[in-house]
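Asks: got a predicted structure plus its sequence, pasted below:
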Amino acid sequence: MDPKFFFFAGFFLLGAVIVLIPCVVVIGLRSNCPDKTTDSPATSLTASTRVVALGASYGGYMINWIAGQPEMSSRFKTLVCHNGLFDMRSMGYSTEELFFTEHDAGNYTVYDNPSAYEEYNPVNHVANWTLPMLIIVGAHDYRVPETQGIGAFTALQRRNITSRLLYFPTENHWVLNPQHSIAWFEEVFNWMRQHAS
């Protein structure tokens, strides 16, 4: 999977935030956020000191990738990963949607070409992780199985990095229950206030 950035810079307006899923959402907590798309969030947000990156699904994969790339992660105060891929190799054996995983690995299965799953595998860069991260998983997510998020959370905990696991035992790839959705937003906003203020 070759990391491709889809970038949106936004800011809080009366407590609201724009969320683009599955893209990486970059929120600069300042009034002069860039208003254009760029190749990499790491290149355009150097003026801010209170920037958060959030991502879900593919965006969650990108959050885990960014976490392991110091030239990118140094631009952010904290990260939020919702149902993000953590280990491409194990994902190739556990997802219910093999098309995307194999397509992103050059149309190879894990056993046909293991190296295709390793070049852009976030798990290979955990030694570079330093940022606080909120990990969100749904137990009934079969697209990105819960073990991906639990693995990322375990890596954060073992490295003594400030982290929190928000676990929804009855949700899937999306948080559909209205009360759970409210809890999701409360947790994400609280995390951002705590780690980006």
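Replies: Thanks, I have it.
Asks: quick one, what contacts residue 89?
Replies: Neighbour list for residue 89: 110, 114, 117-118, 121, 123 [criterion: CB atoms under 8 Å, 6 or more residues apart in numbering]. No exception for glycine: its C-beta is placed from N, CA and C like everyone else's.
Asks: show me which of these are buried.
Replies: Buried subset of these (neighbour count, 16 or more other CB atoms under 10 Å): 110, 117, 121, 123.
Asks: gap between the third one and residue 90?
Replies: Right, the one you point to is residue 121. To residue 90, residue 121 is 10 Å away according to CB to CB, to the nearest Å.
Asks: check the last one too.
Replies: Using CB to CB, one obtains 8 Å as the distance from residue 123 to residue 90.
Asks: same check, this time on the first one
Replies: Counting by CB to CB, the gap from residue 110 to residue 90 is 9 Å.
Asks: can I get the host helix or strand of residue 63 in CSV, CA atoms only?
Replies: Here residue 63, judged by DSSP states H and E, is contained in helix 58-67. Extracted C-alpha coordinates of helix 58-67, given in CSV (Å, rounded to 0.1, in the frame of the first residue of the first chain):
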residue,chain,number,x,y,z
TYR,A,58,-7.7,4.1,5.0
GLY,A,59,-7.2,7.4,6.9
GLY,A,60,-6.6,5.4,10.0
TYR,A,61,-3.9,3.5,8.1
MET,A,62,-2.4,6.9,7.2
ILE,A,63,-2.4,7.9,10.8
ASN,A,64,-0.5,4.8,11.8
TRP,A,65,1.9,5.5,8.9
ILE,A,66,2.4,9.2,9.8
ALA,A,67,3.1,8.1,13.4
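Asks: show me how far the helix or strand just after it is from its chain's centre.
Replies: Downstream of helix 58-67, the next assigned helix or strand under DSSP H and E is helix 70-73. Taking CA atoms, centre = their mean, to the nearest Å, one finds the center of helix 70-73 at 14 Å from the center of the full chain.
Asks: tell me the buried residues in helix 70-73?
Replies: Applying 16+ other CB under 10 Å to helix 70-73 flags 72-73 as buried.
Asks: elements contacting it?
Replies: helix 41-44, helix 58-67 (3 or more CB pairs under 8 Å, 6 or more residues apart in numbering; DSSP states H and E).
Asks: could you redo the last one with a cut-off of 7 Å?
Replies: Where contact means 3 or more CB pairs under 7 Å, 6 or more residues apart in numbering; DSSP states H and E, helix 70-73 is packed against helix 58-67.
Asks: and the helix it packs on, what does it pack against?
Replies: strand 24-28, strand 51-56, helix 70-73, strand 78-82.
Asks: please repeat the previous calculation with a cut-off of 6 Å.
Replies: strand 51-56, helix 70-73, strand 78-82 (3 or more CB pairs under 6 Å, 6 or more residues apart in numbering; DSSP states H and E).
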